[in-house]
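**Q** Quick one: sequence plus predicted model below, questions after.
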Amino acid sequence: MSETPEFPVAPASGSELAIRAAELDAADPLAAVRERFVLDDTVYLDGNSLGALPRAVPGRIADVVAREWGELRIRSWTESGWWTAPERIGDKIAPLIGAGPGRVVVGDSTSVNIFKAVVGGVRMAGKGCTEILVDATTFPTDGYIARSAARMTGLAVRPVEPARIADEVTERTAVALVNHVDYRTGRLNDLPSITAALHSAGALAVWDLCHSAGALPVGLDAYGVDLAVGCTYKYLNGGPGSPAYLYVREGLQERFESPLPGWNSHADPFAMDPGYAPADGILRGRVGTPDILSLLALEAALEAWDGVSIEEVRAKSLALTDFFLECVAAHVPPGRVRSVTPADHRQRGSQVALECAGAGEVMDELIRRGVVGDFRHPDVLRFGFTPLYTSFADAERAARVLGEVLGAQPDAVAPGTAG
Ligand SMILES: Cc1ncc(COP(=O)(O)O)c(C=O)c1O
Ligand SMILES: Nc1c(O)cccc1C(=O)C[C@H](N)C(=O)O
């Protein structure tokens, strides 16, 4: 199968696609879930950056502020369940990423949790290890953090394309930090195979789930992933700057030594013991006082998942991205864009990335016309599909407006032909 989708030879007409979109939305088993979000007539295709606002959040936060903070005050750490929120909410995220209870804790940023996972992984690695492998196509923060972790632990960092990790890992590899879905292209990397290859060489697998959690099945327990990290503000709709999570495989937890052993990770935090003793299990992944307002907003946001399975979400995601690509073929002048998102469903996340000359200006115009995606260097239009609230009509309209914008710019060079 070709690397990127071959657009249909005889694409359907625009009106046929609009009719198809209405039929697909009428048959969508998740269509009613859209009502759980605050939306308008914008086509919002940027949930791979910031998820839409779940309706349950504003009222919950108003109560947290007015009653739990304003009236109960310090009592809320116990009476309102604030203290246990990181692990309670971790157990709510866990089923969405294929983890059992007691393996996920929520708090701190994604970058900070990447640091915990990588350094914690290196500390558990064999004594002869000399290197950390990092995804050569990673979102930048992972590379920055991995290089700092390497400096701090006396190891080297070697960037490797995810598809090459199985061939490149050696017995000297301590850990490999890999993005499950590539933030720019939307390529889905083969977590089961890469994890197995790392284990065969004696290395630990650390996965960054930012662009997969909430969009597709992950299977952390099933595939024996050692450590994983993810943000909650994309497909989990936790809100801007919502706290990230750390997963540690149950069999590793007693060996996990956090590089940030804050008092909230202590076996008995309120003993105020000068000596450190880590808490049992995943609680040792905590650091300091949790960001309660964001945590409780996230907890309310997760209610949008009630009655929804990640398998249903995956099925709709693939149907949406297939349909969007078909609509692009029908509406966009030939050769003006090139999809850099794999055609193969087994290699596709929940976004479509189109290489497009002048992508920055094109996305600005799309946004002006009510279609919100985003732009990533050097020339990529990104369209994120969140099955909990994206409709097939959204997909068709986005492609149609893109065609109008690009049709109005016939003189721009086709992608990859400049120079
Ligand atoms: C793969 C990946 N890792 C990490 C991050 C960001 O980390 P943080 O939440 O610390 O900004 C992003 C983007 O937000 C990302 O796409
Ligand atoms: N994480 C972001 C943020 O904190 C502010 C603005 C945008 C973003 C992002 O979308 C970055 C994200 N990881 C990406 O896929 O590009």
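**A** Alright, I've got the coordinates. Ligands and ions are numbered 1, 2, ... in the order given.
**Q** distance between the ends of stretch 87-101?
**A** Start-to-end span of stretch 87-101 (Cα to Cα, to the nearest Å) is 9 Å.
**Q** Check which residues of it are buried.
**A** Buried residues in stretch 87-101, defined by neighbour count with 16 or more other Cβ atoms under 10 Å: Glu87, Ile89, Gly90, Asp91, Lys92, Ile93, Ala94, Leu96, Ile97, Gly98, Ala99. From N, CA and C alone the C-beta is placed, and that goes for glycine too.
**Q** mind putting the residues you listed in a markdown table, secondary structure and pLDDT included?
**A** Converted to a markdown table, the buried residues of stretch 87-101 look like this (DSSP: H, G, I helix; E, B strand; the rest coil; pLDDT from 0 to 100):
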| residue | secondary structure | pLDDT |
| --- | --- | --- |
| Glu87 | helix | 98 |
| Ile89 | helix | 98 |
| Gly90 | helix | 98 |
| Asp91 | helix | 98 |
| Lys92 | helix | 98 |
| Ile93 | helix | 98 |
| Ala94 | helix | 98 |
| Leu96 | helix | 98 |
| Ile97 | helix | 98 |
| Gly98 | coil | 98 |
| Ala99 | coil | 98 |
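**Q** and which of those residues is nearest Val157?
**A** Closest approach between these and Val157, by Cβ to Cβ: Ile97, at 25.9 Å.
**Q** Quick check, that closest one in contact with Ala213.
**A** Yes: using Cβ atoms under 8 Å, Ile97 is in contact with Ala213, at 5.2 Å.
**Q** hey, what's in contact with both of these two?
**A** Common neighbours of Ile97 and Ala213, counting by Cβ atoms under 8 Å, 6 or more residues apart in numbering, are Gly230.
**Q** where does Pro274 sit relative to Ile145, distance-wise?
**A** As judged by Cβ to Cβ, to the nearest Å, Pro274 and Ile145 stand 30 Å apart.
**Q** again with Thr153
**A** The spacing between Thr153 and Ile145, counted by Cβ to Cβ, is 12 Å.
**Q** likewise Ser193?
**A** With Cβ to Cβ as the criterion, Ser193 and Ile145 are 25 Å apart.
**Q** Please identify which of the two sits among more neighbours.
**A** Ile145 (24 against 14; other Cβ atoms under 10 Å).
**Q** quick one: contacts for that one?
**A** Taking Cβ under 8 Å, 6+ apart as the definition, contacts of Ile145 comprise Ser111, Ile114, Phe115, Val118.
**Q** Make sure I have this right: the second one is in a strand.
**A** No: with DSSP: H, G, I helix; E, B strand; the rest coil as the criterion, Ile114 is assigned helix and is not in a strand.
**Q** Would you agree it is in contact with Cys210?
**A** No: counting by Cβ under 8 Å, Ile114 stays clear of Cys210, with 9.9 Å between them.
**Q** So Gln347 versus ligand 1, what's the distance?
**A** Per Cβ to the nearest ligand atom, to the nearest Å, Gln347 is found 17 Å from ligand 1.
**Q** number of nearby residues for that residue?
**A** 19.
**Q** Does ligand 1 have contacts with stretch 118-133?
**A** No: Stretch 118-133 is not in contact with ligand 1 by Cβ under 6 Å from any ligand atom; minimum separation 12.4 Å.
**Q** So for Gln253, what's the nearest residue that isn't a sequence neighbour?
**A** In space, and not counting its chain neighbours, Gln253 is closest to Gly281: 5.2 Å by Cβ to Cβ, 6 or more residues apart in numbering.
**Q** Can you give me the pLDDT of whichever residue of the chain sits closest to ligand 2?
**A** Residue nearest to ligand 2 within the chain (Cβ to the nearest ligand atom): Ser49, separated by 3.2 Å. Per-residue pLDDT puts Ser49 at 98.
**Q** For burial, what's the neighbour tally of it?
**A** Neighbour tally, Ser49, other Cβ under 10 Å: 17.
**Q** Give me the nearest residue to it, chain neighbours excluded.
**A** Nearest one to Ser49, counting by Cβ to Cβ, 6+ apart, is Asp374 at 5.6 Å.
**Q** can you give me phi and psi for that neighbour?
**A** Dihedral angles phi and psi of Asp374 (degrees, to the nearest 10) take the values phi -150, psi 170.
**Q** In contact with it: list those residues for me.
**A** By Cβ under 8 Å, 6+ apart, the contact set of Asp374 is Asp46, Ser49, Met363, Arg382, Gly384.
**Q** bridging residues for it?
**A** Listed by DSSP bridges, the beta-bridge partners for Asp374 are Arg382.
**Q** what distance separates the helix or strand of the chain with the lowest mean pLDDT from the centre of its chain?
**A** Every helix and strand in the chain was compared by mean pLDDT, DSSP states H and E; the lowest is helix 14-27, with a mean of 94. Computed by Cα atoms, centre = their mean, to the nearest Å, the chain-centroid distance of helix 14-27 equals 29 Å.
**Q** Great, nothing more from me.
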